[in-house]
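Trainee: Just need the structure, nothing else, for what follows:
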Amino acid sequence: MNKDRILQLLKNEEYVSGEWMSEKLGVTRAAIWKAVDALRKEGHDIRSVKKRGYHLEPPQDALWPACIRKGLNTQWCGVEIEYHDQLESTNTRCKDLAREGGVHGTLVISEEQTMGRGRLNRGWISRPGRGIWMTLLVRPRGMMPERAPALVLLAAVATAMACERVSGVEVMIKWPNDLVAQGKKICGMLLEMGAGMDGVEWAVIGIGINIKGNDFPEELQDKAGDLAGIAGREIERAALAREFLCQFERLYNQYCLGGMSAIYTLYRNRSITLGRQVRAICPDGEYLGVAQDIDEDGTLILETQDGERIRLRVGDVSVRGVMGYV
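Mentor: Below you'll find the model as predicted:
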């Protein structure tokens, strides 16, 4: 029997009965008992709790669903949490769940990603124990695809608030969705979606937060930072993931009731881009100027050096004085 399958089930639930595992894996109860006994001999702290089942004691700073759910007070955000020790990409797994009928608010989280991606198809370093690599599935009602980028701006505000509340560090947003603390990027996001004739059927929002460790490649040393290093103390990753779920649900519910206007106010207040000198590299060329505003669909309005106003929906924007751009 594959003991890894049993470990996966134990990590995803606080208590798991032997009967449920035997049905899930298609084996006998005796086979489950033997596998659990073998895992205990390998050093896994698996406890038997009367009338509740088996419980795997989590290590310090674990990101297991049971750790995230402790104190989680949400109605739908994080109602389903799927944990993996390793995935190619949490976005890829979450998209599969979306196509298979995964419920609104499902969170996929992995200790490590082997093929993590950021915006513009860039790689994202996702080492075990160093951060939070997660993707949230949402099913917005009546949203047309051109409005979907608003979701990742909403997620940027929610994540910034969560990081700030847990760490005590001021967190700002560089357009469109990079989180910056003390001039260093600590978090990036990636939105992907599926749409039909009636609008967006599902959207997945991938979020990568650098929590600890400064072993970034040399080319990123002046751009990337980690939240614990900036805060000067340990950050409990499960507490941060839990706070993100709470903040995202609150802001999403607010959006459903009153639209994005209030969310955009929060976004603008945290923007490290507006009013600053920027360089934008876009599919149609490069622009230098001052970022003037972010409109209701998330478009950045840039006033160039010759007075022309440019609307940027997609692009790589560097802000003078932030993340190594001088």
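
Trainee: Could you check how far M260 is from D297?
Mentor: 9 Å (C-beta to C-beta, to the nearest Å). For every residue, glycine as well, the C-beta is placed using N, CA and C.

Trainee: Mutual contacts of those two, please.
Mentor: Jointly contacting M260 and D297 under the rule C-beta atoms under 8 Å, 6 or more residues apart in numbering are A150.

Trainee: Between these two, which is the more surrounded one?
Mentor: Ranked by neighbour count (other C-beta atoms under 10 Å), M260 and D297 place M260 first, with 19 against 15.

Trainee: So what's the residue count around the closest residue in space to the more buried one that isn't next to it in sequence?
Mentor: With C-beta to C-beta, 6 or more residues apart in numbering as the criterion, M260 has its nearest non-adjacent residue at 5.2 Å, and that residue is A150. Other residues lying near A150 total 21 when counted by other C-beta under 10 Å.

Trainee: Next, the contact list for A150, please.
Mentor: Counting by C-beta under 8 Å, 6+ apart, A150 makes contact with Y255, M260, I263, D297, G298.

Trainee: for it, helix, strand, or coil?
Mentor: The three-state label given to A150 by DSSP: H, G, I helix; E, B strand; the rest coil is helix.

Trainee: and if you look at the one 4 residues further on?
Mentor: Classification of L154 using three-state DSSP returns helix.

Trainee: I'd like the numbering to begin with 818 instead of 1 from here.
Mentor: All set: I'll call the first residue 818, so the last point we hit is now L971.

Trainee: pretty sure it is touching F1065, no?
Mentor: Yes. Judged on C-beta atoms under 8 Å, L971 makes contact with F1065 at a distance of 7.4 Å.

Trainee: I1003 sits in which helix or strand?
Mentor: Using DSSP states H and E, I1003 sits in strand 1001-1013.

Trainee: same question for that strand, mean pLDDT?
Mentor: Strand 1001-1013 shows a mean pLDDT of 92.

Trainee: same for it, what does it pack against?
Mentor: Under the contact criterion of 3 or more C-beta pairs under 8 Å, 6 or more residues apart in numbering; DSSP states H and E, strand 1001-1013 touches helix 907-916, helix 966-984, strand 995-998, strand 1016-1027, helix 1044-1048.

Trainee: Output the below-cut-off pLDDT ranges for the stretch 918-1067 of the chain.
Mentor: Within the stretch 918-1067 of the chain, the stretches with pLDDT under 70 are 933-943, 1031-1038.

Trainee: swap the cut-off to 90 and go again
Mentor: 930-947, 958-967, 993-994, 1000, 1013-1015, 1029-1042 (pLDDT under 90).

Trainee: hang on, the earlier thing: out of the helices and strands packed on strand 1001-1013, nearest to D1110?
Mentor: helix 966-984 (13.5 Å; C-beta to C-beta).

Trainee: quick one, the closest one and strand 1001-1013 angle?
Mentor: Interaxial angle of helix 966-984 relative to strand 1001-1013 (axes from the mean of the first three to the mean of the last three C-alpha atoms, to 10 degrees): 140 degrees.

Trainee: Flag every buried residue along helix 966-984.
Mentor: Buried residues in helix 966-984, counted by 16 or more other C-beta atoms under 10 Å: 966-981, 983-984.

Trainee: In CSV: the contacts of A967, plus distance to T1121.
Mentor: What follows is the contacts of A967, written out as CSV (distance: C-beta to C-beta, whole Å):
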residue, distance to T1121
Y1072, 32
M1077, 27
I1080, 28
D1114, 21
G1115, 20
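
Trainee: Just give me the least confident of those residues.
Mentor: At the low end of pLDDT for the contacts of A967 is D1114, which has 75.

Trainee: show me what contacts it?
Mentor: D1114 makes contacts with E963, R964, P966, A967, R1130, as judged by C-beta under 8 Å, 6+ apart.

Trainee: Closest one of the residues you listed to D1123?
Mentor: Using C-beta to C-beta, R1130 comes nearest to D1123 of these, at 21.2 Å.

Trainee: How much space separates the closest one from T976?
Mentor: R1130 sits at a distance of 21 Å from T976 (criterion: C-beta to C-beta).

Trainee: How about C884?
Mentor: Distance from C884 to T976, by C-beta to C-beta: 19 Å.

Trainee: do L996 as well
Mentor: 6 Å.

Trainee: ok, now R944?
Mentor: R944 is 19 Å from T976, by C-beta to C-beta.

Trainee: Could you do L914 as well?
Mentor: 21 Å.

Trainee: and what of L1057?
Mentor: Note on L1057: its distance to T976, by C-beta to C-beta, is 9 Å.

Trainee: list the residues that contact both of these two?
Mentor: I1026.

Trainee: out of everything not next to it in sequence, what's closest to A1045?
Mentor: Nearest non-adjacent residue to A1045, counting by C-beta to C-beta, 6+ apart: K1029, 4.1 Å away.

Trainee: Oops, could you answer that again for E981 instead?
Mentor: Nearest residue to E981 in three dimensions, chain neighbours excluded: V988, at 4.8 Å (C-beta to C-beta, 6+ apart).
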